[in-house]
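Trainee: A structural model of the following input is requested.
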Amino acid sequence: MRNQWPVLPIVAGLASGLLTGCGTESGGSGGSGSTVVMGMSDDVLATDPASGYDPGSWLMFNNVFQSLLSFPRGATEPQPEAAEECSFTDTRTQVYACTLKDGLKFSNGDSLTSEDVKFSFDRMLKINDDAGPAIMFPMLEKVETPDEKTVVFRLNTPDATFPSKIASGAGSIVDPTQYDADGLREDGEAVGSGPYKLDSFGENEAVFSVNENYKGTADVQNTGVTLRFFHGDQAALKKSLLDNKVDIAYRGLSASDVADIEQADDSSGVEIVEGSSAEVQHLVFNMDDPVAGQLGVRKAIAHLLDRDALIEDVYQGTATPLYSIIPAGISGHNTAYFDTYGARPSKAKAAAALQADGITTGKVKLTLWSTPSRYGPATDDELKAIAEQLNASGLFDADVQSVAFDQYEQDIADGKYGVYVKGWVPDYPDADNFTAPFFGKGNVLSNNYANNTITGTLIPQTAAQSDRGATDDAYGKLQDIVADELPVLPVWQAKQYAVTREDVYGLEYCLDASTVFRFWELSKA
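Mentor: This next block holds a predicted model:
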């Protein structure tokens, strides 16, 4: 998902049988305590779930809309939310049926039935917005509604991860009386059936109140949330937190800000909450580029990359080195890049890789392409540090160019860059979401890489396996192939941080590998 920037668990099997509820069912009578004010550097790019495919938008979707399933706090297996129960009804994981809870309503009082679920998925696929989540559902053939409480999804290929997909923001259910079947809603309003209502949405602030019509699993601990947008201004976000103008700073403080707060005494009145994260960042190689397209060049870069130095010097310990395309904490993770290239830089091995590819004269000229804020405030500094590492070997003459994100994405699509950076925030915590979007058909990297074993065998094989733990061998083979062929080079896995005033509680329940930020868990003394 969501080529975005960091917020600086083992996946359980998705059973093909019945999914039962988790926790107690809650109504929407309103929370207790006070309104919580949260600041973040991200923007919310869309209020319509058929369009938004970025962390800021999904933060809103996960709180304003319901999905049939959701990820409870700390969980990596989805459980019923708007649904009473869901299951695969066939042995090939191609027919998935859900029965809705009784008495579901949208925040405006309209009843929520199976027809609304069908409308939401049909609409999202029909609109097929370039910035939307329709790309996640190439397997969805049709949605049927045998009665007002039953929804049946028929898939054109087996996909055991389908429950996780519909548990994400992509599965948001909308009210057909409030959303056009053929076009996006662009008035900045939203009507859902989730724990919160969106009262107002502006350039600098969004205001949420408790949805009294909500019927689901969330137990709301506050009377509302105000979300303030700082549009990339990290200094202003930090100042607002320290000046007690926001209760929480989420997604946007720099590594140095976090380090400063960690080292400060207790008089600041704030504290850091660290959670697990499956967010990753890679260097991507254009396989058709005359320089980066040479395997010897890519191998030399892999032998020279010093991840530990990057983490210490640029990120000040707020990330961890990554040696696989599947991050630690996700079932199927291995250390293919560590095993192949090691952790310590080696000029000798880099030189040998170049020589083996017939590159023996002069330094390799190379430009590393960056974009200044989309993947984190330190991205440009990180790329400059990597260029310095390459140049220090005497084997490369590397420089860094940084361009605005819109131009960056267009140039990548046009094949203009040889080496560039991509960040990834997962849609759901499964190895499938770190492989199929990168190496499947129509992948998000646009780097002209194809491997028939991956696309023809391994991705379909792993997608069809309902016992997710049984996919480890196949994912291991996939990771080994990618490490050998080097279309991407993993750099780091994020640690997830938020900073809060001392009188705010529940933040630890909002930071986990599911990437769902749960407004309802927050309370303020």
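
Trainee: so where's this protein uncertain?
Mentor: For the chain, the stretches with pLDDT under 70 are 1-32, 264-267.

Trainee: pick out the residue nearest the middle of it.
Mentor: Residue closest to the average C-alpha location in the chain (C-alpha atoms, centre = their mean): residue 425, at 2.2 Å.

Trainee: which phi and psi does that one have?
Mentor: The phi/psi pair for residue 425 (degrees, to the nearest 10) reads phi -110, psi 120.

Trainee: go on, the one 3 residues further on?
Mentor: The phi/psi pair for residue 428 (degrees, to the nearest 10) reads phi -160, psi 150.

Trainee: ok, and the closest non-adjacent residue to it?
Mentor: Once flanking residues are discounted, residue 428 sits nearest to residue 164: 3.7 Å by C-beta to C-beta, 6 or more residues apart in numbering. From N, CA and C alone the C-beta is placed, and that goes for glycine too.

Trainee: which parts of stretch 440-448 are buried?
Mentor: 440, 443-447 (16 or more other C-beta atoms under 10 Å).

Trainee: hmm, who's touching stretch 301-317?
Mentor: 8, 255-256, 258-259, 283, 319-323, 337, 340-347, 349-350, 353, 378, 381-382, 385-386, 389-390, 393, 395-396, 419, 486, 489, 491-492 (C-beta atoms under 8 Å, 6 or more residues apart in numbering).

Trainee: what is the burial count for residue 184?
Mentor: Look at residue 184: counted by other C-beta atoms under 10 Å, it has 18 neighbours.

Trainee: relative to residue 97, how far out is it?
Mentor: 29 Å (C-beta to C-beta, to the nearest Å).

Trainee: same thing with residue 422?
Mentor: 36 Å.

Trainee: just residue 402 next, same as before
Mentor: With distances taken as C-beta to C-beta, residue 402 is found 49 Å from residue 97.

Trainee: pairing partners for the strand or helix carrying residue 200, with directions?
Mentor: Here residue 200 sits within strand 196-201, counting by DSSP states H and E. Looking at strand 196-201 with DSSP bridges, its partner strands are strand 205-210 (antiparallel).

Trainee: measure stretch 425-435 end to end?
Mentor: End-to-end distance for stretch 425-435: 13 Å, by C-alpha to C-alpha, to the nearest Å.

Trainee: distance from the chain centre to that stretch, please.
Mentor: Centroid separation between stretch 425-435 and its chain, computed with C-alpha atoms, centre = their mean, to the nearest Å, is 8 Å.

Trainee: chain neighbours aside, what residue packs nearest to residue 173?
Mentor: Residue 173 sits nearest to residue 120 (C-beta to C-beta, 6+ apart), 4.9 Å away.

Trainee: over to residue 125?
Mentor: The shortest distance from residue 125 to any non-neighbouring residue, by C-beta to C-beta, 6+ apart, is to residue 134 (5.2 Å).

Trainee: for residue 157, see how far away the one you found is.
Mentor: Distance of residue 134 to residue 157, given as C-beta to C-beta: 16 Å.

Trainee: neighbour count: these two, which is higher?
Mentor: residue 134 (20 against 14).

Trainee: OK, contacts around the more buried one?
Mentor: 50, 124-125, 127-128 are the contacts of residue 134 under C-beta under 8 Å, 6+ apart.

Trainee: next: residue 45.
Mentor: By C-beta under 8 Å, 6+ apart, the contact set of residue 45 is 51-52, 54, 56-57, 131.

Trainee: need the residues you listed in JSON lines with distance to residue 84, can you?
Mentor: Listed next are these as JSON lines, based on distance: C-beta to C-beta, whole Å:
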{"residue": "51", "distance to residue 84": "29"}
{"residue": "52", "distance to residue 84": "27"}
{"residue": "54", "distance to residue 84": "31"}
{"residue": "56", "distance to residue 84": "31"}
{"residue": "57", "distance to residue 84": "28"}
{"residue": "131", "distance to residue 84": "33"}
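
Trainee: just the element for residue 44, please.
Mentor: Counting by DSSP H and E, residue 44 is found in no helix or strand.

Trainee: now stretch 317-333: buried residues?
Mentor: In stretch 317-333, counting by 16+ other C-beta under 10 Å, buried: 318-333.

Trainee: please apply the same query to stretch 458-467.
Mentor: 458-466.

Trainee: nearest to residue 357 among these?
Mentor: Using C-beta to C-beta, the shortest approach to residue 357 within these belongs to residue 458, at 26.5 Å.

Trainee: let me see the contact set for the closest one.
Mentor: Counting by C-beta under 8 Å, 6+ apart, residue 458 has contacts 435, 474-475, 477-478.

Trainee: now the two most distant members of those.
Mentor: Maximum pairwise distance in the contacts of residue 458, criterion C-beta to C-beta, is 11.2 Å, between 435 and 477.

Trainee: so these two - more neighbours on which side?
Mentor: Neighbours were counted for residue 435 and for residue 477 using other C-beta under 10 Å; residue 435 has more, 24 against 18.

Trainee: give the contact list for the closest residue to the more buried one other than its chain neighbours.
Mentor: Closest residue to residue 435 apart from its sequence neighbours, by C-beta to C-beta, 6+ apart: residue 478 at 6.0 Å. Residues near residue 478 by C-beta under 8 Å, 6+ apart: 435, 439, 454, 458-459, 462.

Trainee: and those residues, which of them are in helices?
Mentor: The members of the contacts of residue 478 that map onto helices under DSSP state H are 439, 459, 462.

Trainee: is it possible to export these to JSON lines including distance to residue 512?
Mentor: Rendered in JSON lines, the data for the ones in helices among the contacts of residue 478 read as follows (distance: C-beta to C-beta, whole Å):
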{"residue": "439", "distance to residue 512": "26"}
{"residue": "459", "distance to residue 512": "26"}
{"residue": "462", "distance to residue 512": "23"}
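
Trainee: partner residues bridging the closest residue to residue 203 other than its chain neighbours?
Mentor: Leaving aside its chain neighbours, residue 203 sits nearest to residue 229 (7.3 Å; criterion: C-beta to C-beta, 6+ apart). Beta-bridge pairing for residue 229 (DSSP bridges): residue 40.

Trainee: now the buried members of the contacts of residue 45.
Mentor: 51-52, 54, 56-57.

Trainee: and those, which of them are in helices?
Mentor: 56-57.

Trainee: any idea which of the buried ones among the contacts of residue 45 is closest to residue 292?
Mentor: Compare each of the buried ones among the contacts of residue 45 with residue 292 using C-beta to C-beta and the shortest gap goes to residue 54, at 27.3 Å.

Trainee: where along the stretch 101-250 of the chain do the helices fall?
Mentor: 114-127, 162-166, 234-242 (DSSP state H, counting those that start in this stretch).

Trainee: before we move on, back to that, nearest to residue 42 among the buried ones among the contacts of residue 45?
Mentor: Set against residue 42, the nearest of the buried ones among the contacts of residue 45 by C-beta to C-beta is residue 56 (4.0 Å).

Trainee: so who does the closest one touch?
Mentor: With contacts defined as C-beta under 8 Å, 6+ apart, residue 56 is in contact with 40, 42-45, 251.

Trainee: tabulate these in TSV, adding columns for distance to residue 146.
Mentor: Listed next are those as TSV, based on distance: C-beta to C-beta, whole Å:
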residue	distance to residue 146
40	42
42	40
43	41
44	36
45	36
251	42
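
Trainee: out of those, which end up buried?
Mentor: 40, 42-45, 251.

Trainee: hmm, back to that, inside helices: which ones of the contacts of residue 458?
Mentor: Those of the contacts of residue 458 lying in helices (DSSP H): 474-475, 477-478.

Trainee: can I get those residues in a markdown table including distance to residue 67?
Mentor: Listed next are the ones in helices among the contacts of residue 458 as a markdown table, based on distance: C-beta to C-beta, whole Å:
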| residue | distance to residue 67 |
| --- | --- |
| 474 | 28 |
| 475 | 26 |
| 477 | 32 |
| 478 | 28 |
